[in-house]
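Q: sequence below, structure please.
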Amino acid sequence: MDLETLGRILLYLGGLFVLVGILFFLGSKLGLGKLPGDIYIERENISFYFPLASAIIISLILTLVLNFLIRR
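A: As a prediction, the model looks like this:
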């Protein structure tokens, strides 16, 4: 692999990270992470959070988008 290919891969990965960051930012504004079905347990010394409903919604959206892009 030459340096040009490596540079192109790093640029694509960087763009992907920027898009994921924007999606997380917008998702928090839309309420993802605070949905009914997200598990949050808080005790004296421990807090546990598992965004079950949010993960399912994100998975469904990504599945639809990727199927649309792949079947083009």
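
Q: break the protein down into its domains, please.
A: If you go by automatic domain parsing, the domain ranges for the chain are 1-30, 32-72.

Q: now the shortest one: mean pLDDT?
A: Domain 1-30 comes out with an average pLDDT of 89.

Q: how far off centre is that domain?
A: Centre-to-centre, domain 1-30 and its host chain are 12 Å apart (Cα atoms, centre = their mean, to the nearest Å).

Q: ok so, going back, TSV please, covering the domains of the chain and showing mean neighbour count.
A: Where C-beta positions appear, they are placed from N, C-alpha and C, glycine not excepted. Formatted as TSV, these follow (neighbours: other Cβ atoms under 10 Å):
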stretch	mean neighbour count
domain 1-30	10
domain 32-72	11
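
Q: the helix or strand encompassing Leu16 - contacts with which helices or strands?
A: Applying DSSP states H and E as the criterion places Leu16 in helix 3-30. Applying 3 or more Cβ pairs under 8 Å, 6 or more residues apart in numbering; DSSP states H and E, one finds that helix 3-30 contacts no other helix or strand.

Q: if we go to 10 Å?
A: If contacts are counted by 3 or more Cβ pairs under 10 Å, 6 or more residues apart in numbering; DSSP states H and E, helix 3-30 sits against helix 52-70.

Q: can you list contacts of the helix it packs on?
A: 23-24, 27-28, 30-39, 51 (Cβ atoms under 10 Å, 6 or more residues apart in numbering).

Q: how about stretch 4-19?
A: Residues outside stretch 4-19 that contact it (Cβ under 10 Å, 6+ apart): Met1, Asp2.

Q: contacting residues for Ile39?
A: Neighbouring residues of Ile39 by Cβ under 10 Å, 6+ apart: Phe48, Tyr49, Phe50, Pro51, Leu52, Ala53.
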